[in-house]
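>>> The sequence isn't on hand, but the structure is:
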């Protein structure tokens, strides 16, 4: 068993320096010796055997259960090495990948009831958990780092400003925010652009928090949040924005999503889709992520999104790829979470805290070491709606920045 483990891991891990100790006490080092030396230990033979057979699921579970222990370094350091190898996965894992690929349509078949249940699994957790690591506005999506060392709160404000600039929102525009989260973007648009905002979410926790914030900031007349599926909302809208929600739609519903957006958007309207994407092509969701973090979720390739946009009759006005912005966002989230990790243990338990640490770390490494990015796709229904050069984005951002300086105090989560 130890010999097989060493053979497989040595063949897979060719970069870095990662030393393993088996449950029997056998020690071996994998990699080319570069970088910081990291060491880990299997406390049971079963954990090692499961990782050989199904590494994408079993590594995270072994970490959660304490049967895979990092002795020198952190789980983030281990994942930085494991997810930076020439091959994406060990050879023994490839047959399971093909099986998951052929089954992905079933896993992502997110009809209304299932979609709401999937959202509740993640977003209806205790709200205090998210306050441990998110910014003050509770933005749970990629920040916009105009400089590498700016604080997380500034990067999230810059993200909202960047999106608003691309939407070209004007006073009294009717704006639909699909997947409105805790209401931060919708409240920003209502306050800074004087738009009439409708946000929709499937999370009861987010629905209640967003409306409470609107009341607290005296914006309830211009920003309202509904517990509603995107397939059931009534229009029309001058602007549509969706941030961090498309990853929950599912590949078989891309056509329905964009057709519904086209039906809701006015002829002179503008839409912006902000979504995680993959640069390589169609793939599958990690089985560990599916089981523990985002059931029914999937990160699309650009090649999977564009045909559905075309079939819906929407025109692509602009595409921007944000490459390492999410890696920086996730690093900030992970560091903030680790600084308050004991509070997460008190909210849930040690196993949950280890799960959340693994989730943030593996997500960060997927952006910094592998092929994930964020795409912002700007859409319209006819030519001439958006200016023909991108200069307007910087001009709009400057205008919004001036408004922010003269606005009311920064929006906060209700009760904070």
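It's in. Everything quoted here is computed from the prediction, not taken from an experiment. Numbers count the residues shown, from 1 in each chain.

>>> Just the strands from the stretch 151-300 of the chain, written as ranges.
Counting by DSSP state E, counting those that start in this stretch, the stretch 151-300 of the chain has these strands, from start to end: 174-178, 196-201, 223-227, 237-243, 265-278.

>>> Using a markdown table, lay out those strands together with mean pLDDT.
Putting the strands of the stretch 151-300 of the chain into a markdown table (pLDDT from 0 to 100) gives the following:
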| stretch | mean pLDDT |
| --- | --- |
| strand 174-178 | 98 |
| strand 196-201 | 98 |
| strand 223-227 | 97 |
| strand 237-243 | 98 |
| strand 265-278 | 97 |
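
>>> Please produce CSV containing the ones you listed, extended by distance to residue 312.
C-beta: built from backbone N, CA, C; applies to glycine. Supplementary listing: those in CSV, determined by distance: least, C-beta to C-beta, whole Å:
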stretch, distance to residue 312
strand 174-178, 14
strand 196-201, 19
strand 223-227, 23
strand 237-243, 12
strand 265-278, 10
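
>>> Against residue 212, how distant is residue 127?
Applying C-beta to C-beta, to the nearest Å, the value for residue 127 to residue 212 is 11 Å.

>>> got it, and residue 259?
Counting by C-beta to C-beta, the gap from residue 259 to residue 212 is 33 Å.

>>> do residue 189 as well
Per C-beta to C-beta, residue 189 is found 18 Å from residue 212.

>>> okay, the two: which has more neighbours?
With neighbours defined as other C-beta atoms under 10 Å, residue 189 and residue 212 compare such that residue 189 has more, 26 against 17.

>>> Which residues are in contact with the more buried one?
Shown here is residue 189, whose contacts under the criterion C-beta atoms under 8 Å, 6 or more residues apart in numbering are 164, 167, 169, 175, 177, 195, 197, 223, 241.

>>> Which strand residues bridge the fourth one?
Partner residues in beta bridges with residue 175: residue 197, residue 239, with DSSP bridges as the criterion.

>>> Could you pull up the contacting residues of it?
Contact criterion C-beta under 8 Å, 6+ apart gives 167, 169, 186, 189, 195-198, 237-241 as the residues in contact with residue 175.

>>> please redo it, this time with the cut-off set to 10 Å
Going by C-beta atoms under 10 Å, 6 or more residues apart in numbering, residue 175 touches 164, 167, 169, 185-186, 189-190, 193, 195-199, 222-223, 237-241, 269-270.

>>> Kindly report the same for the fifth one.
Listed by C-beta under 10 Å, 6+ apart, the contact partners of residue 177 are 183-187, 189-190, 197-201, 210, 223, 225, 237, 239-243, 245.

>>> do that again at 8 Å, thanks
185, 186, 189, 197, 198, 199, 200, 241, 242, 243.

>>> and the gap between it and residue 210?
Between residue 177 and residue 210 the computed distance is 10 Å (C-beta to C-beta).

>>> now the second one
Using C-beta to C-beta, residue 167 is found at 19 Å from residue 210.

>>> more neighbours, those two?
Between residue 167 and residue 210, counted using other C-beta under 10 Å, residue 210 has the larger neighbour count: 27 against 24.

>>> Isn't that one up against residue 179?
No. Here residue 210 lies out of contact with residue 179, judged by C-beta atoms under 8 Å, at a distance of 11.4 Å.

>>> measure residue 85 to residue 18 for me?
Computed with C-beta to C-beta, the distance linking residue 85 and residue 18 is 10 Å.

>>> Who has more neighbours out of the two?
For residue 85 versus residue 18, neighbours defined as other C-beta under 10 Å are more numerous around residue 18 (23 against 18).

>>> Now do residue 118, the pLDDT please.
Confidence at residue 118, expressed as pLDDT, is 73.

>>> Report how many residues lie close to the residue nearest to residue 245 when sequence neighbours are not counted.
Excluding the flanking residues, the one nearest residue 245 by C-beta to C-beta, 6 or more residues apart in numbering is residue 179, at 2.5 Å. A count of neighbours around residue 179, defined by other C-beta under 10 Å, yields 27.

>>> So, low pLDDT: which residues of the stretch 51-200 of the chain?
Where the stretch 51-200 of the chain drops to pLDDT under 70, the residues are 88-112, 114.

>>> Can you give the domain ranges for this structure?
For the chain, whose domains are defined here by automatic domain parsing, the residue ranges read 2-102, 112-405.

>>> Of the ones you listed, flag the one that's most buried.
Most buried of those by mean neighbour count (mean count of other C-beta atoms under 10 Å) is domain 112-405; its value is a mean of 19.

>>> Sketch out the helices for the stretch 151-300 of the chain, chain order is fine.
When assigned using DSSP state H, counting those that start in this stretch, the helices of the stretch 151-300 of the chain occupy the ranges 152-167, 184-193, 204-216, 254-264, 287-292.

>>> now the angle from the longest one to helix 184-193?
With axes from the mean of the first three to the mean of the last three C-alpha atoms, to 10 degrees defining the directions, helix 152-167 sits at 60 degrees from helix 184-193.

>>> hmm, who's touching stretch 266-275?
With contacts defined as C-beta under 8 Å, 6+ apart, stretch 266-275 is touched by 141-142, 163, 166-168, 236-247, 261, 265, 300, 305, 314, 317, 374-382, 385-386.

>>> swap that for stretch 74-90, sorry
Contacts made with stretch 74-90 from outside it, assessed by C-beta under 8 Å, 6+ apart, are listed as 8-9, 11-18, 31, 35-36, 38, 40, 52, 55-56, 59, 63, 70, 97, 334, 357-358, 361-362, 364-366, 368-370.

>>> Now, those that are in strands?
Among these, the members falling in strands (DSSP state E) are 18, 38, 40, 70.
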